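Participant: Structure, please.
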Amino acid sequence: MEEFFTYAPAIALLPLAAFVVALVFGDAMPKKGAIAGIFATAGSLGLSLLMLAAVASGEVHHETYYEWAVGDTAGHTAAEGIAFTFGILIDPLSALMLVIVSLIALLVHVFSLGYMNAEGEKGLPRYYAELGLFTFSMLAFVFADNLLMAFMFFELVGLCSYLLIGFWFRTKSAPSAAKKAFLVTRFGDYFFLVGVVAIGATFGTLAFAGDGSFVAEAEAALDGGETLFGFDAETWITITGLLVLGGVIGKSAQFPLHTWLPDAMEGPTTVSALIHAATMVAAGVYLVARMFGYYALSPSALAIIAFVGGFTALFAATMAVVKDDIKQVLAYSTISQYGYMMLGLGVGGYVAGVFHLMNHAFFKALLFLGAGAVIILMHHEQDMWKMGGLKNKAPVTYYTFLAGALALAGIIPFSGFWSKDEILYDAIILGLESNVFLAAYAMGLLAVFFTGFYTFRMVFLTFHGEPRSDAAEDPHGIGWSVKAPLVVLGVLSLVAGVANLAPVGKLLDLDIMFLEGWLDGEYGGLEELTYGFYGDMLPYETALIGGSEETTLLVAAALSLGLAFSGAGLAWKLYNVPEPTEHTQRLGGARDVLRSNYYQDEVQVWLAEGVTLPVARAADRFDQTVIDGVVNGVSSVSLFGSSWLKRIQTGLVTNYAALLVAGFIGLLLVLGVYGGWFL
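Facilitator: Numbers count the residues shown, from 1 in each chain. The predicted structure follows:
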């Protein structure tokens with residue numbers, strides 16, 4: 001099946017072609033460019049499935065299409081130069097992600113036929129063109145074979161998110177949200193860029209795969225006890241890894257650079273589905289998974305990743321419990337769930353983190369598209385307190401949304417349970433060895449309760465009880481283009497967990513951990529890096545409850561399920577009633593803090609106005625007074641001297657001859673006096 005790899009570039013180029021077609025010819029086309037986007041993303045999905053099959057046959061493809069160099073790159077060592085490439089890497093990780101991205105993009109395009117028409121939007125060619133460019137950017141990022149190429153498409157993904165978040169640019173809020181997303185993520189990307197430069201300068205390569213990759217070079221430096229830029233190898237790997245992590249924290253909306261994501265709900269709901277499930281926010285976590293071999297060389301970097309992930313999972317979940325806008329609840333849920341993925345990767349659960357990335361793509365796309373269907377039903381209303389009673393009036397939307405909610409809350413047997421519990425299992429093992437990991441695990445575990453609560457609070461307020469507005473009494477109809485993607489994603493949210501039934505396999509001693517076997521590819525080389533269900537732990541010794549993996553697994557699963565059911569049960573008691581009341585008001589001042597998002601926007605504004613701006617003004621004043629003063633002073637002296645010297649430039653040869661003779665005589669006198677000629 002190796003011949004299929006020839007078509008790999010077309011996976012990204014097809015959406016790029018759809019971008020051009022929709023932008024140039026969209027106004028004259030049926031559905032304003034939607035058909036071109038649907039066919040293009042369907043083609044990308046088909047080719048991605050071919051890549052998946054080819055990789056499954058035991059073949060891994062790594063091809064460089066273009067290469068240029070800085071310096072003499074013989075041997076590709078940092079001392080001699082750096083080789084930069086444009087190439088494609090199709091391995092188990094990228095093949096899986098290509099299928100996820102292209103599938104979600106296709107379903108979003110189909111859903112847009114009903115949703116954007118319901119909005120009565122006139123800028124549809126621009127919308128479909130931007131969707132195509134967004135899809136192209138993410139697909140190219142996924143199969144990039146080196147860190148520089150990944151950075152370039154990482155930035156293009158950010159640009160596309162800016163365009164789509166600000167799609168309704170005539171409003172006041174959408175452009176503001178787009179600028180906020182762009183600036184906050186750019187702040188993180190500055191660190192990413194410095195990390196790319198540092199890694200390239202250190203190891204002479206930015207390639208992800210092969211013996212000449214920067215991961216292999218870093219491992220060799222670590223084994224050899226080398227000193228890199230004045231640091232021991234492990235410290236330098238930690239520093240450069242954390243620099244790259246800055247970009248990840250921005251894109252995947254992890255604390256403290258998560259504040260842009262809730263505001264990004266100003267874009268169309270279809271865009272939110274794509275951003276949260278398969279593109280912008282997924283890009284950061286995917287990059288950590290792509291570089292997992294590098295991070296695995298630094299226990300300190302892993303600990304930071306795990307702690308940030310665990311804290312973000314809990315932090316965002318607490319804010320979701322008081323939100324009234326259905327999209328805002330889902331936005332904070334996304335921040336929290338990507339925190340789980342970071343927690344999983346940070347504790348060395350490479351497979352668990354990727355597994356949750358896959359499952360989350362399905363159930364979060366379902367929930368956002370389901371929210372879009374609700375918005376259509378509610379005549380554009382997003383406040384859950386004005387909904388209710390939609391369960392029987394829109395059964396397809398309700399039952400598919402419920403499937404996504406059960407997966408999000410981690411209720412067995414839905415997909416989210418399997419991947420979330422793998423993460424918590426991996427975390428509890430390290431938590432028994434390290435206080436940092438124990439804190440990360442505890443925060444991730446506590447977030448399960450809040451997840452169950454806010455998820456079913458959303459379900460009950462939206463679909464159950466009596467209608468609480470005229471729109472809920474008489475909902476708008478929805479068509480097949482809206483229902484079909486919901487059904488597909490609803491089924492995936494139920495069955496996708498079978499991709500890696502690690503807990504069941506461990507308990508029954510069955511080999512049903514398919515994803516673990518899939519991700520142990522040639523270029524992954526992760527057999528010796530993963531642990532828990534999969535082998536030896538990274539740099540740590542295994543600690544188990546009762547000395548048994550089965551006991552540890554059962555304890556982790558019981559705690560998680562118990563908290564999930566407790567949260568869902570509390571939501572059922574409070575909100576599954578005909579006329580629910582706003583119980584969050586009983587939280588008093590805490591409610592205000594949560595609804596104000598812990599005043600993080602105010603803190604960031606204070607930092608900008610109270611710290612950054614004064615420092616910038618002081619630096620500007622220093623530049624204009626001291627630096628410019630010195631430069632201008634030297635200039636004044638030079639101008640004064642030159643004003644006298646220019647007077648001797650008369651243009652008369654006789655004057656120049658006289659000056660030459662006078663200068664010669666003066667030189668003789670100086671040499672005579674100081675050289676002792678007259679003594």
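Participant: Every contact and neighbour count from this point should use C-alpha atoms.
Facilitator: Fine.
Participant: Give the residue spans of the stretch 301-450 of the chain that score low on pLDDT.
Facilitator: Low-confidence segments of the stretch 301-450 of the chain (pLDDT under 70): none present.
Participant: Output the longest helix belonging to this structure.
Facilitator: helix 173-203 (DSSP state H).
Participant: now for whichever helix or strand comes after it, which elements pack on it?
Facilitator: The helix or strand immediately downstream of helix 173-203 is helix 214-223, counting by DSSP states H and E. If contacts are counted by 3 or more C-alpha pairs under 8 Å, 6 or more residues apart in numbering; DSSP states H and E, helix 214-223 sits against helix 173-203, helix 233-251, helix 292-295.
Participant: Would you mark the buried spots in stretch 313-326?
Facilitator: 313-326 (16 or more other C-alpha atoms under 10 Å).
Participant: and it, how far out from the chain's middle?
Facilitator: Counting by C-alpha atoms, centre = their mean, to the nearest Å, stretch 313-326 is centred 20 Å from the centre of its parent chain.
Participant: what does it rub up against?
Facilitator: Contact with stretch 313-326 is made by 328-330, 332-333, 335-340, 371, 382-385, 443-444, 446-447, 450-451, 453-454, 457-458, 584, 591, 594-595, 597, as judged by C-alpha atoms under 8 Å, 6 or more residues apart in numbering.
Participant: Could the C-alpha coordinates of the strand or helix carrying Leu424 be exported in PDB?
Facilitator: If you go by DSSP H and E, Leu424 is part of helix 415-431. Extracted in PDB, the C-alpha atoms of helix 415-431 (Å, rounded to 0.1, in the frame of the first residue of the first chain):
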ATOM      1  CA  SER A 415     -16.300   7.100  25.200                       C
ATOM      2  CA  GLY A 416     -15.200   9.800  27.600                       C
ATOM      3  CA  PHE A 417     -15.200   7.300  30.500                       C
ATOM      4  CA  TRP A 418     -12.500   5.100  29.100                       C
ATOM      5  CA  SER A 419     -10.000   7.800  28.200                       C
ATOM      6  CA  LYS A 420     -10.600  10.000  31.200                       C
ATOM      7  CA  ASP A 421     -10.200   7.000  33.600                       C
ATOM      8  CA  GLU A 422      -7.000   6.000  31.800                       C
ATOM      9  CA  ILE A 423      -5.600   9.400  32.500                       C
ATOM     10  CA  LEU A 424      -6.600   9.300  36.100                       C
ATOM     11  CA  TYR A 425      -5.200   5.800  36.500                       C
ATOM     12  CA  ASP A 426      -1.900   6.900  35.100                       C
ATOM     13  CA  ALA A 427      -2.000  10.000  37.400                       C
ATOM     14  CA  ILE A 428      -2.700   8.100  40.600                       C
ATOM     15  CA  ILE A 429       0.300   5.800  40.000                       C
ATOM     16  CA  LEU A 430       2.700   8.800  39.900                       C
ATOM     17  CA  GLY A 431       0.700  10.500  42.600                       C
END
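Participant: Show the residue spans covered by the strands in this protein.
Facilitator: Secondary structure of the chain by DSSP state E: the strands cover 61-71, 81-90, 227-228, 231-232.
Participant: mind checking which of these is nearest Ala296?
Facilitator: The minimum distance between Ala296 and the strands of the chain falls on strand 231-232, with 16.2 Å, by C-alpha to C-alpha.
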